[in-house]
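Trainee: Need a 3D model of the following:
(2 chains, ligands or ions: 2)
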Amino acid sequence: MTVPGQSAEPPLLALRDVTLAFGARIIQQALSFDVRRGSIFAVMGGSGCGKSTVLKSMIGLLRPRAGAILVEREDYWAAAESRRTDIGRRFGVLFQSGALWSSLTVGENVALPMQMFTGMEDAAIRRLVRLKLALVGMEHALDQYPSELSGGMRKRAGLARALALDPDVLFFDEPSAGLDPITSARLDDLIVNLRDGLGATIVIVSHELPSLFAIADDGVFLDGQTKTAIAHGSPAEMRDHCTDPQVEAFMRRERLGALAGQAGR
Amino acid sequence: MCRLSRDRLVRALAGAFCGRAASLVVQGGRSHIDGRSGTIDATTPIAPTWRLDQTGGLVLRLSGDWIAQSGEIPAFPPADLPAAAGNAAAGSLALDIAGVGRWDSGLIAFLWDVKHAAASSGLVLDTDRLPPAARTLLGLLPDTPAEPPAPPRPRFNPFARLGAFSLNAIAELGVVSLLLSAASRGAIRALAGRARMRPVDLLGNIRDAGPSALAIVSVVNFLVGAILAFVGAVQLRKFAADIYVADLVGLALVREMAAVMTAIIMAGRTGGAYAARIATMQGNEEIDALTVVGIPVADYIVLPAILALAFTMPLLYLYGCLVGIFGGFVVAIAMLTITPAGFMNETIWAVGLDQFIFGFVKSIAFAILIGVTSCRIGLKAGRSAADVGTAATHAVVTGIVGVIALDAIFAVIANMIDL
Ligand SMILES: Nc1ncnc2c1ncn2[C@@H]1O[C@H](COP(=O)(O)OP(=O)(O)OP(=O)(O)O)[C@@H](O)[C@H]1O
Ligand SMILES: [Mg+2]
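Mentor: Numbers count the residues shown, from 1 in each chain, chains lettered A, B, ... in the order given. Ligands and ions are numbered 1, 2, ... in the order given. Next up is the predicted model:
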């Protein structure tokens, strides 16, 4: 288990006693965890416990009510707006519902960040766009509009867009929800290889424990009742060692799922 | 990342002993070698280069920093490959990226081109020497690029356009009529107490359409009345017919201006809002969800929209008449030698009840027109954000043009029945 603030190398991202709230309603409080560089970090927990909200505060969409979010020791929310934009450019985000820009084609969606933030020529951008789309198996949909895609295809296109700028940190909100098992396994592969190959750090919100057991090497378990983290460590560690009934229940249900998945394979 | 020290040594020697030759092979060879010996300098990336080595099997050797955003990733010309392949004994192409410093997806993009070229010239790509991550990423990519089907480019043909436009207009007329009849049936059901329209929705729509539009209706009608009085005063004074300003203002407002102006305001405010709201619902598949649950769109969305407009518009019209006449009154009193009582008298005498009824009926017709067209435009909108904007614009334009065209029709009818 990684106890916050005790690892030797400074973490890439760190939350320190963060409180998140919408209006008067507190979603999570006293939340602390570290995301090591190069790790695949899983944010787990029941539906509605605030996983997406935590992600939002890490990518700069929701200012924490209290506490600090450190990006390489720099307090993200204390930084000036322009500095935050610079930091944010190193992030790639896949939103829970894809969040493609609906008036652009899939190809344009992926190209837009490159056109905005790099000086690359059109031909070079086109080449990279095709690469990123091919990585997620969406090359054929280059000229289609998001409204013409299926839910899973939108997700994959969103992933290609998240990869556009070769980000240092990739945030995935439920990447495999709505994907078939093969595509989902391919996505796991892709995530691991993005980490190994491109050196990206990956923060992933997911319920798909079979895939989390396979790829995640660190994580945190959020609880909607106590409104804070109740377990730290990799999903496999939590499964084997954690005694919290909440976590156990979560993992046991998923273990049944994993067994069924193995039987089917 | 994954550099062979042997290779590094060879390169360093090559650089030291024949720097000229080395820099021919490797662009910026000097800085490259310097960069190798020390830590990688993030600010000055080494230009990416590649070289096809044919001694002892075909080997593609890459070196430099392969960073996509540098914009320097070279193209891999497949034309070279078959010729080279002819020379190669074994039909395989090995990849060697030992000389590569930093890399990201730019390297993968290049290797993908190589993969295409190798596949098209029948070479087997030997990726054993790639680091595992690069190998797997490359493995995820297809051998041959899937060309997306070219979008059909319609040829411009004025007759086809005209025909399509006319057919579309006729079809739209049909659809709007159907929608209107569905809404009327909903209204009849509502009267019978079996409607699927919720009173809450109707009240909400009325609130949005009516009271919140009062301010802008007041301002516009007051100004229209004032302008009419002003124009009239300048002309009528020449004939010493000052008092007829009251006739002019009263008749013009009650018969035409108050109804048309109010309708135009409502087309812009409420019609646009309806279209945008319904188009957004379309994009979120909310309309689909209504259909699946079995709630008729005509009852749940269109009917309250039309009813709200048909209820508020005549009231706003009457209110607009009063405010407009007041505007004319203020200007007339200020500019001309008329007494307030005289103006009032003249107005009441000139503007009969039938004129009010005419305007009242017109404003109800305008309301129905705006309601049904804006709902229809929202319902047929596409599913993107831009489509919502298009729908709103379209609804406003159609509403305004429709109101004025309908007003012209009313004018002709009034002329025929001698109103
Ligand atoms: N914009 C918002 N305003 C108010 N409350 C919100 C808002 N967004 C989310 N919430 C609330 O915050 C809580 C956490 O939401 P969040 O989307 O983070 O859940 P989650 O853990 O991602 O759930 P899921 O697994 O279902 O995606 C929920 O109770 C939700 O009602
Ligand atoms: Mg969520």
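Trainee: what's the spacing between whichever residue of the stretch 101-250 of chain B sits closest to ligand 2 and residue B:48?
Mentor: Among the residues of the stretch 101-250 of chain B, residue B:140 lies closest to ligand 2, at 26.8 Å counting by CB to the ion. Just so you know, the C-beta spots here come from the backbone N, C-alpha and C atoms, and that holds for glycine as well. Note on residue B:140: its distance to residue B:48, by CB to CB, to the nearest Å, is 22 Å.
Trainee: Over to residue A:192?
Mentor: 25 Å.
Trainee: Show me which of these two is the more surrounded one.
Mentor: Taking other CB atoms under 10 Å in any protein chain shown, residue A:192 and residue B:48 do not tie; residue B:48 has more neighbours (25 against 19).
Trainee: Strands along the chain, start to end?
Mentor: Using chain A here. For chain A, the strands defined by DSSP state E occupy A:13-22, A:25-35, A:40-45, A:66-71, A:74-75, A:91-94, A:169-173, A:201-205, A:218-223, A:228-232.
Trainee: Switch to chain B, please.
Mentor: Going by DSSP E, chain B shows strands at B:49-53, B:58-66, B:92-103, B:124-126.
Trainee: Report all helices and strands that the third one contacts.
Mentor: For strand B:92-103, the packing partners by 3 or more CB pairs under 8 Å, 6 or more residues apart in numbering or on different chains; DSSP states H and E come out as helix B:5-17, strand B:58-66, helix B:105-120, strand B:124-126.
Trainee: do the last one as well
Mentor: Helices and strands touching strand B:124-126, by 3+ CB pairs under 8 Å, 6+ apart, are strand B:92-103, helix B:105-120.
Trainee: which outside residues touch stretch B:156-173?
Mentor: Contacts with stretch B:156-173, where a contact means CB atoms under 8 Å, 6 or more residues apart in numbering or on different chains, come from residue B:376.
Trainee: Can I get the helices and strands packed on strand B:124-126 in CSV including mean neighbour count and mean pLDDT?
Mentor: Shown next, in CSV, are those (neighbours: other CB atoms under 10 Å in any protein chain shown; pLDDT from 0 to 100):
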stretch, mean neighbour count, mean pLDDT
strand B:92-103, 21, 82
helix B:105-120, 22, 84
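Trainee: Can you say which of those is nearest to residue B:369?
Mentor: For residue B:369, the closest of the helices and strands packed on strand B:124-126 is helix B:105-120, at 55.0 Å, according to CB to CB.
Trainee: Would you mind giving the domain segments of chain B?
Mentor: Here the domain parsing of chain B from automatic domain parsing is B:6-140, B:183-416.
Trainee: could I get these as TSV with distance to residue A:141?
Mentor: Listed next are the domains of chain B as TSV, based on distance: least, CB to CB, whole Å:
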stretch	distance to residue A:141
domain B:6-140	16
domain B:183-416	15
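Trainee: Give me whichever of these is most buried.
Mentor: domain B:183-416 (a mean of 19; mean count of other CB atoms under 10 Å in any protein chain shown).
Trainee: Distance across that one, terminal residue to terminal residue?
Mentor: 31 Å (CA to CA, to the nearest Å).
Trainee: quick one: is that domain near chain A?
Mentor: Yes. Interface with chain A: domain B:183-416 contributes B:283, B:382-387 (CB under 8 Å from any CB of the partner chain).
Trainee: Which members of the residues you listed occur in helices, if any?
Mentor: B:283, B:385-387 (DSSP state H).
Trainee: on that earlier part again, now tabulate the strands of chain A in CSV and tack on mean pLDDT, mean neighbour count and distance to residue B:166.
Mentor: Shown next, in CSV, are those (pLDDT from 0 to 100; neighbours: other CB atoms under 10 Å in any protein chain shown; distance: least, CB to CB, whole Å):
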stretch, mean pLDDT, mean neighbour count, distance to residue B:166
strand A:13-22, 91, 19, 53
strand A:25-35, 90, 20, 56
strand A:40-45, 91, 26, 57
strand A:66-71, 90, 18, 60
strand A:74-75, 89, 13, 64
strand A:91-94, 88, 22, 46
strand A:169-173, 90, 24, 48
strand A:201-205, 92, 25, 53
strand A:218-223, 90, 24, 60
strand A:228-232, 87, 20, 65
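Trainee: got CSV for those, with distance to residue B:59 too?
Mentor: Listed next are these as CSV, based on distance: least, CB to CB, whole Å:
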stretch, distance to residue B:59
strand A:13-22, 41
strand A:25-35, 40
strand A:40-45, 34
strand A:66-71, 42
strand A:74-75, 44
strand A:91-94, 34
strand A:169-173, 33
strand A:201-205, 33
strand A:218-223, 39
strand A:228-232, 47
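Trainee: Now the stretch 201-350 of chain B against ligand 1: closest residue?
Mentor: Ligand 1 sits closest to residue B:284 of the stretch 201-350 of chain B, with a gap of 16.0 Å, by CB to the nearest ligand atom.
Trainee: State the pLDDT value of that residue.
Mentor: In this model, residue B:284 is scored at 81, pLDDT.
Trainee: try residue B:169
Mentor: Reading off the model, residue B:169 has pLDDT 91.
Trainee: Dump the strands of chain A to JSON lines, plus distance to chain B.
Mentor: Shown next, in JSON lines, are the strands of chain A (distance: least, CB to the nearest CB, whole Å):
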{"stretch": "strand A:13-22", "distance to chain B": "20"}
{"stretch": "strand A:25-35", "distance to chain B": "20"}
{"stretch": "strand A:40-45", "distance to chain B": "13"}
{"stretch": "strand A:66-71", "distance to chain B": "18"}
{"stretch": "strand A:74-75", "distance to chain B": "18"}
{"stretch": "strand A:91-94", "distance to chain B": "11"}
{"stretch": "strand A:169-173", "distance to chain B": "12"}
{"stretch": "strand A:201-205", "distance to chain B": "13"}
{"stretch": "strand A:218-223", "distance to chain B": "19"}
{"stretch": "strand A:228-232", "distance to chain B": "27"}
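Trainee: Okay then, goodbye and thanks.
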